[in-house]
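Novice: The sequence and its predicted three-dimensional model are supplied below.
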Amino acid sequence: MKKSRFGPWIAVTIGILYFLLPLLATFEFSLKMKRGIYSFEAYRVVLADPHFQASFTYSTVMALLTIVLGILIIVPTVYWVQLRLPHLRPIIEFITLLPLVIPAIVLVFGYLRMYNSSSWLPLTGSAETTNILLLFAYVTLALPYIYRAVDTGMRAIDVRTLTEAAESLGASSWTILIKIVLPNVRVAVLSGAFLTFAIVIGEFTIASLLDRPVFGTYLQLMGANRAYEPSALAIIAFAVTWAAMVLMQVVGRDRRAAKPAH
Amino acid sequence: MAYLELKSIKKSFGLTQVVKSFDLAVDKGEFVSFLGPSGCGKTTVLRMIAGFETASSGTIEVDGQEISHLPPAKRKIGMVFQAYALFPNMTVAQNVGFGLKLAGIPAEETRVRVAEMLEMIKLPHLGDRYPYQLSGGQQQRVALARALAVRPKILLLDEPLSALDAKIRVSLREEIRALQREMGITTIFVTHDQEEALSISDRIVVMHEGIADQIGTPFEIYNTPKTKFAASFVGTLNLLEATVVDPGLSRLSIDGHEVTSTSPITAPVGAKCTVALRPEAVVIGPAHSSDRNQMVGTAEEISFLGAVVRVRVRFGDHAVSIDTFNDPNTPPPLRGTHVAVTFRREDLLVLESSGTNPPAGAATARRHEMA
């Protein structure tokens, strides 16, 4: 008996409408700044605002630094766990899952308690050190995403045999990591990086409580005081996030899959 | 003096001793195969030579120099892996030149050496390809070229042909042997495939439960196995239970037939022992000389294998497989008929007890491919 496709189509349509309608409504509203006509005036105002530029630049720099630091910490860790300490894998996996379980608000209160200006390591004492604390917090937030992406990438390439092959040719551990392992998990690392970028660009809780001028706090400030600009900002934030996701998909398509071996 | 010398090598993983006590001396330019079933310790010994595992005790010397304490990168020992292990991010030429670059060889010399190696493995036109664009056989040839490019002191091959199909396996093993002879490189080859080991080795080390069961040339291993395990693992073999009749004259009784061996017998009269007989050593038809042993039984099964006809003849409790060439003028016996079979005294091997039992439930042990 041929099954009806009507049911699945209804479900998919409802799903699409559920996600797209609010977005379309927001977009439509963002175009209504000028009375009676649709225009990109709200976008022009937002993009011309020096606070937007400053906060967006700040978040972008933070995201890039988070990616770099995250990769520097996680890639060698995953490599050594896979190669020499496989029995530690469950512990490492548990640690990397913690940021998903512990709410950001709890994390930041913990930081404030540990690193406040009267503590033994007063990282909140100045703007520069608070930036460092925020960076560390973002690396922690990104941990589950980068770790999982890199771990999956490394499991796919038989790290142990490649390492042994390189060792037998005279390569040091550092050379193996830089010239063999890293290029072969490039796609996985980039996937983790784009995901991290999307998360950091939209992060609000930690930055707000640490009083740093990130894009998220700017978005909140505009939302509290303006009508049309917040909608434009929401659409811009969506666009940035989606761009990161699309890039992730693009690099995730393995170039090797395109050409079969013969 | 031996070029590669392993002295009293032992290796344990936790409480499990995988290599019990391993001694081996390999001459320069020799091709030695480690042959044995899975878990016999052959790959562990190879990995200890490469430096990927550390021996629990014992020493490894190459050209008179102790290398046991050296990391793999300092040993100058090339290795080819079962899974090829080519670097996926590098082209064929970059793979082959990787070791040369690390050794600080100038770019121009590296380029020339890489071209030579690619020429040697008959893939001179594939230098710009990536590993994923090559077939399994091509990948393994590139892996071989990469290992040989740095001119290592010793070449280790860890089941390099296992992942390839049968036809490629045969041609590649011949290529490996030809290259090894041409370069004169001391080579250790690990395999569980007896045909591979027999066909390309100068010597074979038959390994069993962490020890070298027997070390010898392929001819010696096949024709005069020293242990029950070596006899049963290499080739097709009839293992028969015999009773000692006269140890001084090496006379035995098999299912009521008195036979004579040239192997010395130390067991007393009436003792049980295991004897081995190769299928191709047995001839169907009555004995024409008193030097040959003769037994009479019933043709139980006849298998036509093309060039070879395999006949199973039953004598009481035992059945013996006999391989004869297919001769159109001499048809094989009919099933159920009485047949006389004969074999030379030298071909009846009395095996020393190695503490292992012959394969359960079968008088014929066949080991061509073991996982």
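Specialist: Received, thanks.
Novice: Residue ranges in chain B under the pLDDT threshold?
Specialist: B:352-371 (pLDDT under 70).
Novice: what residues does it put near chain A?
Specialist: With Cβ under 8 Å from any Cβ of the partner chain as the criterion, chain B meets chain A at residues B:50-52, B:71-79, B:81, B:83, B:85-89, B:98-99, B:102-103, B:130, B:132-135, B:143, B:146-147, B:150, B:152, B:156. C-beta coordinates here come from the backbone N, C-alpha and C atoms, glycine included.
Novice: of these, buried ones?
Specialist: Applying 16 or more other Cβ atoms under 10 Å in any protein chain shown to these, the neighbour count classes B:50-52, B:72-73, B:75-79, B:81, B:83, B:85-89, B:98-99, B:102, B:130, B:132-134, B:143, B:146-147, B:150, B:152, B:156 as buried.
Novice: and the residues you listed, which of them are in helices?
Specialist: Members of these lying in helices (criterion: DSSP state H): B:50, B:98-99, B:102, B:143, B:146-147.
Novice: Go through those residues and say which is closest to chain A.
Specialist: residue B:99 (3.5 Å; Cβ to the nearest Cβ).
Novice: Isn't the closest one up against residue A:170?
Specialist: Yes: counting by Cβ atoms under 8 Å, residue A:170 is a contact partner of residue B:99 at 5.8 Å.
Novice: How many residues are close by residue A:43?
Specialist: Neighbour count of residue A:43, defined by other Cβ atoms under 10 Å in any protein chain shown: 19.
Novice: Spit out the contact partners of it.
Specialist: Contact analysis of residue A:43 by Cβ atoms under 8 Å, 6 or more residues apart in numbering or on different chains lists A:30, A:232, A:235-236.
Novice: From chain A, how far out is residue B:18?
Specialist: Applying Cβ to the nearest Cβ, to the nearest Å, the value for residue B:18 to chain A is 18 Å.
Novice: Make sure that residue is indeed in a strand.
Specialist: Yes: checked against DSSP: H, G, I helix; E, B strand; the rest coil, residue B:18 lies within a strand.
Novice: That one and residue B:36 touch, don't they?
Specialist: No: at 11.7 Å, residue B:18 does not count as touching residue B:36 under the criterion of Cβ under 8 Å.
Novice: In terms of packing, which of these two has more residues around it?
Specialist: Using other Cβ under 10 Å as the criterion, residue B:18 and residue B:36 rank with residue B:36 on top: 29 against 18.
Novice: Would you confirm that residue B:287 contacts residue B:294?
Specialist: Yes: assessed by Cβ under 8 Å, residue B:287 is found in contact with residue B:294 at 4.3 Å.
Novice: Next, show the common contact partners of those two.
Specialist: Common neighbours of residue B:287 and residue B:294 are listed as B:340, B:342 (criterion: Cβ under 8 Å, 6+ apart).
Novice: what's near enough to touch residue B:334?
Specialist: Contact analysis of residue B:334 by Cβ under 8 Å, 6+ apart lists B:299, B:302.
Novice: one more time with 7 Å
Specialist: For residue B:334, the residues meeting the contact criterion (Cβ atoms under 7 Å, 6 or more residues apart in numbering or on different chains) are residue B:299.
Novice: how about stretch B:17-26 as PDB, C-alpha atoms only?
Specialist: These are the backbone C-alpha positions of stretch B:17-26, laid out as PDB (Å, rounded to 0.1, in the frame of the first residue of the first chain):
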ATOM      1  CA  GLN B  17      53.400 -12.200  28.500                       C
ATOM      2  CA  VAL B  18      53.100 -11.900  24.700                       C
ATOM      3  CA  VAL B  19      56.800 -12.600  23.900                       C
ATOM      4  CA  LYS B  20      58.300 -15.100  26.100                       C
ATOM      5  CA  SER B  21      62.000 -15.300  25.100                       C
ATOM      6  CA  PHE B  22      62.900 -14.400  21.600                       C
ATOM      7  CA  ASP B  23      66.400 -14.800  20.100                       C
ATOM      8  CA  LEU B  24      67.200 -14.100  16.500                       C
ATOM      9  CA  ALA B  25      70.200 -13.200  14.500                       C
ATOM     10  CA  VAL B  26      69.700 -11.800  11.000                       C
END
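Novice: Which positions within that stretch qualify as buried?
Specialist: B:18-19, B:22, B:24, B:26.
Novice: for residue B:330, what are its contacts?
Specialist: Counted by Cβ under 7 Å, 6+ apart, residue B:330 has zero contacts.
Novice: what helix or strand is it on?
Specialist: For residue B:330, there is no enclosing helix or strand under DSSP states H and E.
Novice: Helices of chain A, residue ranges please.
Specialist: A:6-30, A:41-48, A:50-83, A:89-101, A:104-115, A:127-155, A:159-168, A:173-175, A:182-184, A:186-202, A:205-209, A:215-225, A:229-252.
Novice: just for the stretch 1-150 of chain A, where's the confidence low?
Specialist: Applying pLDDT under 70 to the stretch 1-150 of chain A picks out residues A:1-3.
Novice: Pick out the residue of it closest to chain B.
Specialist: Closest residue of the stretch 1-150 of chain A to chain B, Cβ to the nearest Cβ: residue A:83 (11.1 Å).
Novice: hang on, that residue packs against residue A:158?
Specialist: No: checked against Cβ atoms under 7 Å, the pair residue A:83 and residue A:158 is beyond contact range at 11.0 Å.
Novice: Quick one: the strands in the stretch 151-300 of chain B, in order.
Specialist: Along the stretch 151-300 of chain B, counting by DSSP state E, counting those that start in this stretch, strands occupy B:154-158, B:186-191, B:203-208, B:211-216, B:235-246, B:251-254, B:257-260, B:272-277, B:283-284, B:292-304.
Novice: For residue B:340, what are phi and psi?
Specialist: phi -100, psi 140 (degrees, to the nearest 10).
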